[in-house]
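Colleague: Turn this into a structure:
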Amino acid sequence: MLIQLPKMTIPQWLTDVSDSTIMDPFPLEHVLKDSLYYPASGFDGTPVKYLAGNIFSFIYVDYGSDHDEFMNALGSPGFRGYNRIATRSVTEKELTPKGWHPMPPTHSDGDPSRYHMKRSDKYQNIIRDYIKKPFCSWSIFQRSENFTSDHGPSRFSLLYLCADGVAAFQALYVTNSIAPKAVAVISPGTGFGLNWTDFEDPYGILARSVLGNPAGPPEILLYGGTVCRGHQCHQFYRTPCWPDYQENLCFIRCGTVGVWCEHPTMDYEKAQYLMDRFLKSYALDCKNLGISLASGKQQN
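Modeller: Numbers count the residues shown, from 1 in each chain. Here you go, the predicted structure:
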């Protein structure tokens with residue numbers, strides 16, 4: 001838990017979940033409210049390690065790992081000091097009970113189908129197999145009796161989606177009129193990481209979706225990259241990728257991830273630009289668009 005952020009009380013809905021009740025109706029609004037959203041997350045435990053206690057619900061999204069890899073990661077390395085006490089699958093209907101209307105990308109955002117197309121070069125097998133079959137898993141973790149409250153809160157929730165990070169944000173938060181408390185942009189896989197768009201671009205489709213969300217922007221941005229070693233660590237990620245977050249609270253994970261607060265006076269022209277593009281995209285006829293929650297790609 002970060003002392004620079006308020007310590008929160010564990011919510012009742014999380015306390016009430018057990019192995020025998022987890023199959024009850026999925027508490028979508030509770031899981032989304034005050035959550036941390038982490039697209040292109042892999043199995044990085046950084047947000048949980050440092051923010052559990054400030055935040056109790058963590059939503060990880062990555063299309064590069066299948067269900068077996070995810071379950072293996074939960075077992076080892078897992079989350080130090082915590083035991084998984086309940087797990088269940090979550091359906092797309094439970095995540096989007098009212099359906100959803102995607103905001104399509106612009107040409108400058110990139111092509112969400114680029115890694116689904118057939119290729120004839122030497123990277124064909126690597127790229128073809130990279131995007132995995134979609135799934136969604138919800139787990140509750142409880143602190144081990146061998147660890148005290150100094151280690152972290154008694155419980156936290158982890159919702160993990162094998163899905164596209166942009167499409168999932170729109171489907172989960174925009175459609176359900178909820179804003180996350182925090183968003184993490186950490187080593188988002190731009191370029192050689194097989195991400196079809198640039199999550200760091202302040203005018204890109206992820207930033208437009210997050211900052212233009214009618215429910216409001218998140219309070220906190222985590223921005224950083226791969227852990228480095230040596231005297232140059234402090235030179236990386238000194239400024240946030242999205243300039244709306246200018247107040248630095250601290251740096252975590254060897255100084256490679258910054259924790260930033262939203263600037264109280266966002267530039268009006270930029271705010272108008274983001275909202276205009278958001279609304280214009282939403283006004284498009286999506287009837288034949290068919291963008292998949294799992295991949296973010298357009299279906300013909």
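
Colleague: Using PDB, write out the CA atom coordinates for stretch 87-98.
Modeller: Extracted in PDB, the C-alpha atoms of stretch 87-98 (Å, rounded to 0.1, in the frame of the first residue of the first chain):
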ATOM      1  CA  THR A  87     -12.200 -18.800  -8.600                       C
ATOM      2  CA  ARG A  88     -14.700 -18.900 -11.300                       C
ATOM      3  CA  SER A  89     -15.100 -18.200 -15.000                       C
ATOM      4  CA  VAL A  90     -17.100 -15.100 -16.100                       C
ATOM      5  CA  THR A  91     -19.000 -14.900 -19.300                       C
ATOM      6  CA  GLU A  92     -19.100 -12.100 -21.800                       C
ATOM      7  CA  LYS A  93     -22.800 -11.700 -21.000                       C
ATOM      8  CA  GLU A  94     -22.000 -11.100 -17.300                       C
ATOM      9  CA  LEU A  95     -19.400  -8.500 -18.300                       C
ATOM     10  CA  THR A  96     -21.700  -6.700 -20.700                       C
ATOM     11  CA  PRO A  97     -25.300  -7.400 -19.700                       C
ATOM     12  CA  LYS A  98     -26.600  -4.500 -21.800                       C
END
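
Colleague: can you tell me how far residue 11 sits from residue 188?
Modeller: 29 Å (C-beta to C-beta, to the nearest Å). Heads up, the C-betas are built off the backbone N, CA and C, glycines and all.

Colleague: Next: residue 143.
Modeller: For residue 143, the distance to residue 188 equals 30 Å [C-beta to C-beta].

Colleague: Repeat that for residue 223.
Modeller: Residue 223 is 10 Å from residue 188, by C-beta to C-beta.

Colleague: got it, and residue 129?
Modeller: Applying C-beta to C-beta, the value for residue 129 to residue 188 is 20 Å.

Colleague: So which of the two has more stuff around it?
Modeller: Ranked by neighbour count (other C-beta atoms under 10 Å), residue 129 and residue 188 place residue 188 first, with 22 against 10.

Colleague: Tell me the secondary structure at the more buried one.
Modeller: What DSSP: H, G, I helix; E, B strand; the rest coil gives for residue 188 is coil.

Colleague: ok, the closest residue to it other than its chain neighbours - how many residues close by?
Modeller: Excluding the flanking residues, the one nearest residue 188 by C-beta to C-beta, 6 or more residues apart in numbering is residue 199, at 3.9 Å. For residue 199, the tally of surrounding residues (other C-beta under 10 Å) stands at 25.

Colleague: Now do the contacts for residue 199.
Modeller: Shown in contact with residue 199 (C-beta atoms under 8 Å, 6 or more residues apart in numbering): 39, 40, 165, 185, 188, 190, 206, 207, 241.

Colleague: Give me the distance between it and residue 236.
Modeller: Distance, residue 199 to residue 236, using C-beta to C-beta: 16 Å.

Colleague: again, but for residue 156
Modeller: From residue 156 across to residue 236, the span is 28 Å (C-beta to C-beta).

Colleague: Out of those two, name the residue with the larger neighbour count.
Modeller: Higher neighbour count among residue 156 and residue 236: residue 156, with 23 against 16, using other C-beta under 10 Å.

Colleague: Bridged to that one, which residues?
Modeller: residue 141 (DSSP bridges).

Colleague: is it true that it touches residue 141?
Modeller: Yes: the criterion here is C-beta atoms under 8 Å, and residue 156 meets it with residue 141 at 5.5 Å.

Colleague: any common contacting residues for those two?
Modeller: With C-beta under 8 Å, 6+ apart, residue 156 and residue 141 have common neighbours residue 82.

Colleague: List the residues that contact residue 161.
Modeller: Applying C-beta under 8 Å, 6+ apart, the residues near residue 161 are 59, 60, 61, 62, 95, 134, 135, 136, 168.

Colleague: Farthest pair within those residues?
Modeller: 62 and 95 (15.7 Å; C-beta to C-beta).

Colleague: Straight-line length of stretch 162-170, end to end?
Modeller: With C-alpha to C-alpha, to the nearest Å as the measure, stretch 162-170 spans 15 Å from end to end.

Colleague: how far is that stretch from where the chain is centred?
Modeller: Counting by C-alpha atoms, centre = their mean, to the nearest Å, stretch 162-170 is centred 8 Å from the centre of its parent chain.

Colleague: need the helix or strand of this structure with the lowest average pLDDT.
Modeller: When each helix and strand of the chain is scored by mean pLDDT, DSSP states H and E, helix 268-282 comes last, with a mean of 53.

Colleague: pLDDT weak spots in this structure?
Modeller: For the chain, applying pLDDT under 70 flags the ranges 114-128, 191-192, 227-235, 264-300.

Colleague: Now do the strands in it.
Modeller: In order along the chain, the chain carries the following strands (DSSP state E): 36-39, 57-61, 82-89, 136-143, 155-161, 182-186, 220-224, 247-252, 257-261.
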